[in-house]
Structure formats: C-alpha cells, structure tokens
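Asks: just the structure for this:
(chains A and B)
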Amino acid sequence: MASRPHFDIRRQPGFVAIALFTFAVLYLPIATLVAYAFNASDSVTVWGGLSLRWFVEASRNAAVQDAAWRSFVIATSAATVATIAATMAAIATTRTPPYRGLGFKYAFINQPLMVPEIVTAVALLIVFSRIKVWTGYSGLGYLILAHTAFCIPFAYLPIRARLESMDSSLERAAADLYATPWRAFRRVTLPLLRPGIIAGFMLAFVISLDDVVITEFVKSGGQDTLPTYMLGQIRREVTPEVNAIATAFLALSVLLVTVFFVINRKKA
Amino acid sequence: MMPEPAAAQDKRVAIEARGIVKQFGEGAGALRALDDVSVAIRENEFFTLLGPSGCGKTTLLRMIAGFEFPTEGAILLYGEDIAGLPPFKRPINTVFQSYALFPHLTVWENVAFGLEMLGRPRAEIAARVAEMLRLVRLEELARRRTDQISGGQAQRVALARALAPAPKVLLLDEPLSALDYKLRKEMQIELKRMQSETGITFVFVTHDQEEALTMSDRIAVMSRGRVLQIGTPWDIYDKPADRFVADFIGETNFITASVLGVEQGVATVRLSSGAEIPATIAEGLVPKSEATIVVRPEHARAVPAGGQLTGIVENVVYFGTDTHIHIKLAGGELFMVRQQNSRTQSCGFEVGDRAGIEIAPDAAQILRD
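Replies: Presented below is the predicted three-dimensional model:
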C-alpha cells in the first residue's frame, strides 16, 4: 500500500490468529505424517515408540524398489526432454521482436497448467489405448511422453525468466565479434542460461515425480510409480510404511526445491 | 559543405551512409527514424554523430554495425555495399553503451573472443590479447572476472575487446556516459590516444556537445532523423549552419536585427539599439531583411559605458574559470556575456547595474532559422 505508508497488515485485528490457523492447516497434517513414519508400531494412529523400522521395511520391499526406480526413470527422461523443448521454446519466444500472436503462443505453451489434469488424463488414456492396440507396444514410453507434455511449462517458466532478465546486448556483442548465431548461442547464451536450465529441469523432475492422476490413467499393468503405488497401498491396509515412503519423498522434494531456489538466486 | 583542409580531403572514405531512410511502421503511423541521411567518414578519422536523444544517431550506428537494416539507401565499407550483411560478417566492432562484457568469461577471455571466433591461431590470439591489454593498461587484471572490476576498467575491457580483431571501423555508442566526470575526461584523452596508436577509424555517438568538440576530427550534428551539418568542431561551433546547431552546441545569444546590405559575403546589420555591426552569413543563405544573428557569449564583453547594446545586469553567475553576466536589453531580450575570471578582481558588475555590451567585430553570424 504505497499510498498509505503507515498501514501495517500485521497490526490488523485477528492477524496472528489467522496466520496461526493457516500454518496449522498447512503443516500439521504433514508433521503428523512425518512423525508416524518413525513409529515402531504397526498402526498409523497408535504411537509405539521411536523407530526407523518402516524406513527399513520400505527400502527392502521389492515393489517399492521397483516403483521408485520407475519413477526415477520416468522423471529423468521426461524432465530431460521437457527441458530441451522448453529451452528451445523460451528462446523462440523471447529472442524475437514482439509480434501479434505471441501472447497466444505463451498460452499455448502453458496450456497444461490450465487444462484440468483429469481432462488430460482421460484424453491420453483414450489416445494411448488406441495406439497400444495398433502398435502392440505398451512400455514406459507412454508415461514418459505424457509426463514430458505436462512438464514442459514448468521447465519453460524459469528458463524464460532467465532469458528475459539477460541483457540481450550480450548476444549482440557476440554477433558483433564474428560469432555466427549458433556459436553465439553455444558460447554466450547457453552458459548464461545454465542456472535457468538447471532450475527448469529440477522443477520438471519434481513435478513428474509427484504426478498421480495422469500416471494412474496412462500406466499399463505393473507400471506403478511411487505415488501410484502409495495410492494402491492406502486402498488396502495402511501401515506406517506409506508414511515412511511419503517422508522420504518429502525430503527429496524439499531438497530439490531448495537447490532450485539457491540456483535461481545466485547471480551468474 | 564547409571548406576543409586539403590533407583531409585526400583520405579515402572508410564508411559511407548513402541516402539512408529508416522507417518504423507503415502508413499514417509510420515513424522516420532516419530521413535521407548521407555521411562519408574518412579513413583514420575520429568522427562523431552528435544530437539529442531520439535524433537517430544510435539507429545509424546500429545500421553500420548490422543490427538494423535500412529501409532505403546503402551502407558502403570502402565502396562495397554491406547493408545486407549480418553483423558477424562485417569487419566492424562496437563498444556498447552498457559495455556488454560477457559475465561468464574473464577479462582475457572477453578480449580474445572476437579473435577466437575468427579462428585465429592460439599463439596469435595470446600475443594480440596481451598487446590490447597493454594498450588499455589492464595487463594485471587479465584473469579477473568481469564483475570484479570497476566501471572505468570495464570500459577499457570493452575497448580492448572491440579493438582486438583490428576492425576496419570501430563504433562507440555513448561509451563514456556511465562514467563520472573525472574518469570521463581521462577516457576522452585515452580514446584519442588509442585512435592515433591503432590508426582505426572511430565512429563515436554522443549527446554531449563538449565531448564531441574536444575529441572529434569531424562532427555530424543530427536532429529528428536528419543531418543538419557536418564539419570540424571549429566549423560547427563558429559557423553553425542553422539555429538548431547554434543552440545545441555551446551557449549562444540570438538577437534579431535588420539587414542593411551585403558586401563580399559580409552583411551589415542594425541592432535594436540602432548600432550597426558586420555579420557573416551561414553557408548558402540569402538573408532576408529581418534576420536572427548569433553571438557567442565569449565574443562579447560587458563594459561600464559604451558598447553596441545596453541593458541592466540581471544575474551574475560565477563558474570558477569564468563568470556569466546576464544582461536584460532595452527590448526585453536577455544577452549573456562570458568573462574570464581573475584571481584577485571580481567581474566588476552587480545585479541592477547598467552595462554596455561590446561585440567583437567578427563575432556575429546571420543564421538560417
């Protein structure tokens, strides 16, 4: 509130109560989940003492290992392809003089952010099941393709932000110093873009790792990822094993997001 | 055009803009950034494009560099039209206003960049970079990252980087505008030294008339996409072609006068006070009976009595080296006189004093309006 310099939202009545309530809603369930991951008993509601038992059990479970490995393969492949596509899209949309239809193009690239996930999931299910019948192929390719598609906008955003904040006279200087467009890209644009690309990749990786809805629709039998495996487990008997997997998952996500922020904050 | 020294006329033209038109947009909303601009810059010349912001000087520079393409006209480098060539195929380098040093490379790598892109052998690059760093006196900073050096040093790196590939023409886009006053003065002298040491043709863009006057061999004064006058600093300052040039370069008094007659290119004019003085005439101008004449403040003197004009002292401004005395004439016009200061004596005038103005015999010029 620039026009009211003495206005301070922290002094408004109820501010503290609302803030505490919001934080409780956000973090209490997660805190509970994490706490029970260290539960020694078989129950997710009855506390039986501190133990790493369920982490050990989860890591020894062949189905968990299998799902975790699959999640990793899909996330790595999808994030890689998405980041390459996003980098090209970001350059194409920022390194041209603005023209009519550019806004439409942004919307087009970011479409997966706006279309309800369930719609994409059903659409992919229908199309892919057709292709499965025609080709007889039912491998991981479908999941990788689907994940790539919804990862592109997430990879695109930090890369585009980086490009937009980059002084375009640097690329002009490269051209002025006899660099062909390709060499200017390799020697100047790409090295300066690297933090944005790494950030985009990690964001895409986390998003892919985390996906349930589209994966659940697109996967063939025996193609569980970690999140869909957990979903399947919860439908049967719930043990603190799920808490342990979720906690490990949370730790990984927090780690990646932290690295993402650190990279983005670092001045190149 | 103005008469020029014979030696200068012998030199070859290095870069020439011929009939350049640059139009942005179409139809009624079209904007002419450059309107039939022709400039011929000679080999080894320090040539300045001078004008206020938006006059088209930077557009013209970008066109020579290859970042902008003319709507009409030709850009000739030693007689060869290069208007269609991309920047990386032109043997022309630029010192950018923001310097545009590559932040991920060291000072040494920045200076080597152009030579590497040209595919020069490694030994040659090393020798040339060392030579350039010596030229700009930055040998000891070779391994520094470009964010670990000062603005003045960044400026020198930008210069060394642009000079390293030995371009046929060096373009400088307001390179001194980010520096503070003292550093700017130093760099003005440095730039002149580098130009004479390297023998490269410099095309310098600035809006700072003082900078243009002190550094240039010749100046093109631009306004609203047109070139108004091309000449030596002396030509531009003492024989301005029109009112804009006279007003933009230095400080000037404009007074109206009636033209009594012209003899051998010199007119006799009558001032509002009735006094008659001689006045030279701007190139190619046939004066009308009423004319604007221009007198530089340092070509007139304030005197206690006498003079061709009289008035009341309205303001006395002390500038260290000199004092400006603003005198209100009987007709209401303001006339400024600049007088050299002495260490022990004041200028002798105070606000409210009556003062006469003595105009030097060769001071006045009739202007095109």
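Asks: quick one: secondary structure of the closest residue to residue B:70 other than its chain neighbours?
Replies: Closest residue in space to residue B:70, ignoring its immediate chain neighbours: residue B:20 at 4.9 Å, by C-beta to C-beta, 6 or more residues apart in numbering or on different chains. Where you see a C-beta, it was placed from the backbone N, CA and C, and this is true even at glycine. Look at residue B:20: counting by DSSP: H, G, I helix; E, B strand; the rest coil, its state is strand.
Asks: correct me, but residue B:20 touches residue B:38?
Replies: Yes. Counting by C-beta atoms under 8 Å, residue B:20 does reach residue B:38; the two are 7.2 Å apart.
Asks: those two - which one has more neighbours?
Replies: residue B:20 (27 against 14; other C-beta atoms under 10 Å in any protein chain shown).
Asks: how near is the more buried one to residue A:68?
Replies: Distance, residue B:20 to residue A:68, using C-beta to C-beta, to the nearest Å: 65 Å.
Asks: residue ranges in the chain under the pLDDT threshold?
Replies: Picked chain A for this. Scanning chain A for pLDDT under 70 picks out A:1-6, A:264, A:266-268.
Asks: oops, I was thinking of chain B
Replies: For chain B, applying pLDDT under 70 flags the ranges B:1-10, B:369.
Asks: can you list the domains in it?
Replies: For chain B, automatic domain parsing gives the domain ranges B:6-91+B:167-243, B:251-367.
Asks: how about these in CSV, adding distance to residue A:74?
Replies: Compiled in CSV, these are given as follows (distance: least, C-beta to C-beta, whole Å):
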stretch, distance to residue A:74
domain B:6-91+B:167-243, 42
domain B:251-367, 74
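Asks: the ones you listed: which one's closest to residue A:104?
Replies: domain B:6-91+B:167-243 (21.9 Å; C-beta to C-beta).
Asks: the closest one: how far from the chain's middle?
Replies: Offset of domain B:6-91+B:167-243 from its chain centre (C-alpha atoms, centre = their mean, to the nearest Å): 9 Å.
Asks: repeat that for stretch A:148-162.
Replies: On the basis of C-alpha atoms, centre = their mean, stretch A:148-162 is displaced by 10 Å from the centre of the chain it belongs to.
Asks: ranking the domains of chain B by mean neighbour count, which comes first?
Replies: Among these, domain B:6-91+B:167-243 has the highest mean neighbour count (mean count of other C-beta atoms under 10 Å in any protein chain shown), at a mean of 18.
Asks: from memory residue B:304 sits against residue B:348, does it?
Replies: Yes. Assessed by C-beta under 8 Å, residue B:304 is found in contact with residue B:348 at 7.4 Å.
Asks: next, the buried residues of the lengthiest helix in chain A.
Replies: For chain A, the helix with the greatest residue count under DSSP state H is helix A:62-94. Residues of helix A:62-94 classed as buried under the neighbour-count rule (16 or more other C-beta atoms under 10 Å in any protein chain shown) are A:64, A:66-68, A:70-71, A:74-83, A:85-87, A:89-91, A:93-94.
Asks: helices and strands around the helix or strand following that helix, which ones?
Replies: Counting by DSSP states H and E, the next helix or strand C-terminal to helix A:62-94 is helix A:102-109. Using 3 or more C-beta pairs under 8 Å, 6 or more residues apart in numbering or on different chains; DSSP states H and E, the elements in contact with helix A:102-109 are helix A:62-94, helix A:141-165.
Asks: in CSV: those, plus distance to residue B:105.
Replies: Listed next are these as CSV, based on distance: least, C-beta to C-beta, whole Å:
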stretch, distance to residue B:105
helix A:62-94, 20
helix A:141-165, 18
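Asks: all helices for the stretch 51-200 of chain B, in order.
Replies: Secondary structure of the stretch 51-200 of chain B by DSSP state H, counting those that start in this stretch: the helices cover B:57-65, B:107-117, B:122-135, B:151-163, B:181-198.
Asks: to chain A, which of the ones you listed lies closest?
Replies: Among the helices of the stretch 51-200 of chain B, helix B:107-117 comes nearest to chain A, with 3.7 Å by C-beta to the nearest C-beta.
Asks: packing partners for that closest one?
Replies: Going by 3+ C-beta pairs under 8 Å, 6+ apart, helix B:107-117 lies up against helix B:122-135, helix B:151-163.
Asks: so residue B:70 makes contact with residue B:63?
Replies: Yes. With contact defined as C-beta under 8 Å, residue B:70 reaches residue B:63; the gap is 5.8 Å.
Asks: now list whatever residues contact both of the two.
Replies: B:20, B:22, B:34, B:83 (C-beta atoms under 8 Å, 6 or more residues apart in numbering or on different chains).
Asks: can you redo the residues you listed as CSV with distance to residue A:130?
Replies: Below are the shared contacts of residue B:70 and residue B:63 laid out as CSV (distance: C-beta to C-beta, whole Å):
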residue, distance to residue A:130
B:20, 60
B:22, 55
B:34, 59
B:83, 55
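Asks: and the two most separated of those residues?
Replies: Comparing all pairs in the shared contacts of residue B:70 and residue B:63 by C-beta to C-beta, the longest separation belongs to B:34 and B:83, at 12.6 Å.
Asks: what do those two both touch?
Replies: The overlap between the contact sets of residue B:34 and residue B:83 (C-beta under 8 Å, 6+ apart) consists of B:63, B:70.
Asks: rewinding a little: chain B is nearest to which of the helices and strands packed on helix A:102-109?
Replies: Chain B sits nearest to helix A:141-165 of all the helices and strands packed on helix A:102-109, at 12.2 Å, using C-beta to the nearest C-beta.
Asks: and the closest one, does that touch chain B?
Replies: No. Counting by C-beta under 8 Å from any C-beta of the partner chain, chain B has no neighbours in helix A:141-165; the shortest distance is 12.2 Å.
Asks: name the residues contacting each of residue B:20 and residue B:38.
Replies: Residues touching both residue B:20 and residue B:38 (C-beta under 8 Å, 6+ apart): residue B:73.
Asks: quick one, phi psi at residue B:36?
Replies: Backbone dihedrals for residue B:36, given as degrees, to the nearest 10, come out at phi 60, psi 60.
Asks: residue B:22 is in contact with that one, correct?
Replies: No. The pair residue B:36 / residue B:22 is not scored as a contact, 10.4 Å apart, by C-beta under 8 Å.
Asks: which non-adjacent residue is nearest the spatially most central residue of chain A?
Replies: Against the mean C-alpha coordinate of chain A, by C-alpha atoms, centre = their mean, the closest residue is residue A:207 at 1.9 Å. In space, and not counting its chain neighbours, residue A:207 is closest to residue A:154: 4.9 Å by C-beta to C-beta, 6+ apart.
Asks: show me the contacts for residue B:101.
Replies: The contact partners of residue B:101, taken as C-beta under 8 Å, 6+ apart, are A:173, B:110, B:146, B:154, B:157, B:158, B:161.
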